[in-house]
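Enquirer: Quick one: sequence and predicted model below, then my questions.
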Amino acid sequence: MRIRKKRNIKKNRKFEVKLIHPQMKKKIWLSSPHMGGNENKYVQEAFDTNWIAPLGPNINEFEKGLESYIGEDKHVAALSSGTGAIHLALVQLGVQEGDEVLCQSFTFAASVNPITYVGATPIFIDSEQSTYNLCPVLLEEAIKDRIAKGKKPKAVIAVHLYGMPYNVDAIHRISEKYEIPIIEDAASALGSEVNGQKCGTFGDFGIFSFNGNKIITTSGGGALICNSKVKKEKAIFLATQARDEAPHYEHSHIGYNYRMSNVLAGIGRGQLEVLQDRVLARRSIFETYKEALKNTPLQFLEEPVGTYSNRWLTTVVTASYAEREKIRLYLQNENIESRPLWKPMHLQPIFQKYPRYINGISENLFEKGLCLPSGSNSTAHELSRVIKVLNNF
């Protein structure tokens, strides 16, 4: 009896240690906000001057700062979200009920939802292996097929996924050939480039996101990049409930409540000052993972010639769905956050009824792909922990 009791106690103690072990270790997040230092100064200015509204000096300076950073004579409207920016781009392009919009399937739902806001139909296009983004071959095939069916698409939404630029040259050649405008979803690609030109500046409209997990954040927010001052002013007009010039409230258009707060724009001003440091930090994290895990079967996405990715998130592809899940849960047990790559939109319950042009690449990436912790505020110790766990696995 005594021997059996001792053995049971030993087993129970071992089990308890295993249960509490993850909680004893500090949580490593996938991509948490990283403040630069001056955010509080600009926010305090908003309070001190009572600019607690969707207009004010912080918004003006944040927009000017973004315009200066991306160049190309672009005009930026600061908004409450990247989703709102896509919506306003569709509105300005005249997309409406009954129209069709071609959209990358391998993306976050926010790329697609605004298509439904205007009553249009999303048509999903699969990915190419070299960038994980919109496949030019399938894009042209889809355009030809939709035209043959009597429905020329009104727009294309192309995404720079995880900060990796899409095939700009090929996609935009097709756009020009068929005269279909492009909304460039650069939600996670602020700081990425193609042949020296900043992402967000290639499309007829571009969008950024400043969500809490993005490369810089305004807590919640986004921006619409426009080719002219007139389009920027139209975006701001629509984003502030489309109020006409009058001493009273007069409305001749449907408007939206999409303008960024002056307080949040203060955070953005501080974040913009450290943007380049954040890009370099994320790129360094990618290179650290790549070098430290070079003897594992994990596959990393390389930059095509001429592209420069901000490496917002480092992604890897495993051998199978089963292995991906084992790794994810193994990391989770060590209190390390990771995440599967996006589930393609054509597989989502809400979007399964819509047409799609599929080659299987996005489904394969979803089944086998994983995002690793990539926050620019990750310490050397935290990266070492992640790498050690992965090597142990």
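Expert: Received the coordinates, thanks. Keep in mind the model is a prediction, meaning the values are calculated, not measured.

Enquirer: Which strand or helix spans Gln332?
Expert: helix 321-333 (DSSP states H and E).

Enquirer: Relative to the helix or strand following that helix, what are the paired strands and their orientations?
Expert: Downstream of helix 321-333, the next assigned helix or strand under DSSP H and E is strand 339-340. Using DSSP bridges, strand 339-340 pairs in its sheet with strand 369-372 (antiparallel).

Enquirer: So which residues make contact with the partner strand?
Expert: 30, 162, 289, 313-318, 324, 327-328, 338-341, 386 (C-beta atoms under 8 Å, 6 or more residues apart in numbering). Using the backbone N, CA and C atoms, a C-beta is placed for each residue, glycine as well.

Enquirer: if we go to 10 Å?
Expert: 28, 30-31, 106, 132, 162, 285-286, 289, 293, 298-301, 312-318, 321, 323-325, 327-328, 331, 336-342, 362, 383, 386-387, 390 (C-beta atoms under 10 Å, 6 or more residues apart in numbering).

Enquirer: can you give me the mean pLDDT across it?
Expert: For strand 369-372, the mean per-residue pLDDT is 98.

Enquirer: try stretch 292-312
Expert: On average, stretch 292-312 scores 98.

Enquirer: and what of stretch 92-99?
Expert: Averaged across stretch 92-99, pLDDT comes to 98.

Enquirer: how about the helix holding Gln332: buried residues?
Expert: Across helix 321-333, burial judged by 16 or more other C-beta atoms under 10 Å covers 324, 327-328, 331.

Enquirer: quick check: mean pLDDT across it?
Expert: The pLDDT scores in helix 321-333 average 98.

Enquirer: Now tell me what touches that helix from outside.
Expert: With C-beta under 10 Å, 6+ apart as the test, helix 321-333 has contacts from 18, 21-22, 25, 28, 297-298, 316-318, 320, 336-341, 364, 366-373, 385-386, 389-390, 392-393.

Enquirer: and if we set it to 8 Å?
Expert: 21-22, 318, 337-340, 367-370, 386, 389-390, 393.

Enquirer: of all the buried residues of helix 321-333, which comes closest to Leu272?
Expert: Leu331 (32.1 Å; C-beta to C-beta).

Enquirer: so what's Leu190 up against?
Expert: Leu190 neighbours (C-beta under 8 Å, 6+ apart): 199-200, 208, 214-216, 275, 310.

Enquirer: Return the member of those nearest to Ile350.
Expert: Taking those together and measuring to Ile350 by C-beta to C-beta, the closest member is Lys214, at 24.1 Å.

Enquirer: now Phe351, nearest residue through space, not along the chain?
Expert: Among residues not flanking Phe351 along the chain, Met345 sits closest, at 5.0 Å (C-beta to C-beta, 6 or more residues apart in numbering).

Enquirer: after whichever strand or helix holds Ser284 comes which helix or strand?
Expert: Element membership of Ser284 [criterion: DSSP H and E] is helix 275-292. Reading on from helix 275-292 to the C-terminus, the next helix or strand found by DSSP H and E is strand 299-300.

Enquirer: strand partners of that following strand, parallel vs antiparallel please.
Expert: Here, using DSSP bridges, strand 299-300 pairs with strand 314-317 (antiparallel).

Enquirer: Identify the residues contacting the strand it pairs with?
Expert: 132, 162, 282, 285-286, 289, 293, 298-301, 341, 365, 368-372, 374.

Enquirer: try it again with 6 Å
Expert: When contacts are defined by C-beta atoms under 6 Å, 6 or more residues apart in numbering, strand 314-317 is touched by residues 162, 286, 289, 298-299, 301, 368-372, 374.

Enquirer: possible to save these as a markdown table with distance to Thr116?
Expert: Formatted as a markdown table, the contacts of strand 314-317 follow (distance: C-beta to C-beta, whole Å):
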| residue | distance to Thr116 |
| --- | --- |
| Tyr162 | 24 |
| Phe286 | 34 |
| Tyr289 | 37 |
| Leu298 | 36 |
| Gln299 | 34 |
| Leu301 | 30 |
| Lys368 | 29 |
| Gly369 | 26 |
| Leu370 | 29 |
| Cys371 | 26 |
| Leu372 | 32 |
| Ser374 | 31 |
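
Enquirer: and Glu45, how far is that from Val263?
Expert: Taking C-beta to C-beta, to the nearest Å as the criterion, Glu45 is separated from Val263 by 10 Å.

Enquirer: Of those two, which one has the most company?
Expert: More crowded of Glu45 and Val263, by other C-beta atoms under 10 Å: Val263, with 22 against 17.

Enquirer: Contacts only, for the residue most central in space within the chain.
Expert: Centroid check for the chain by C-alpha atoms, centre = their mean gives Ser188 as the closest residue, at 3.4 Å. Each residue near Ser188 by C-beta under 6 Å, 6+ apart is listed here: 163, 312.

Enquirer: Figure out the helix or strand that it lives in.
Expert: With DSSP H and E as criterion, Ser188 is part of no helix or strand.

Enquirer: From the contacts of helix 321-333, which shows the smallest pLDDT?
Expert: Among these, pLDDT bottoms out at Pro22, giving 52.

Enquirer: can you list the weak-confidence ranges in the stretch 1-150 of the chain?
Expert: With pLDDT under 70 as the threshold, the stretch 1-150 of the chain has low-confidence stretches at 1-23.

Enquirer: quick one: the helix holding Gln332 to chain centroid distance?
Expert: Computed by C-alpha atoms, centre = their mean, to the nearest Å, the chain-centroid distance of helix 321-333 equals 23 Å.

Enquirer: swap in stretch 131-150?
Expert: Centre-to-centre, stretch 131-150 and its host chain are 23 Å apart (C-alpha atoms, centre = their mean).

Enquirer: Hmm, Asn113 and the residue nearest to Phe351 touching each other?
Expert: No: taking contacts as C-beta atoms under 6 Å, Met345 lies outside contact range of Asn113: 9.8 Å.
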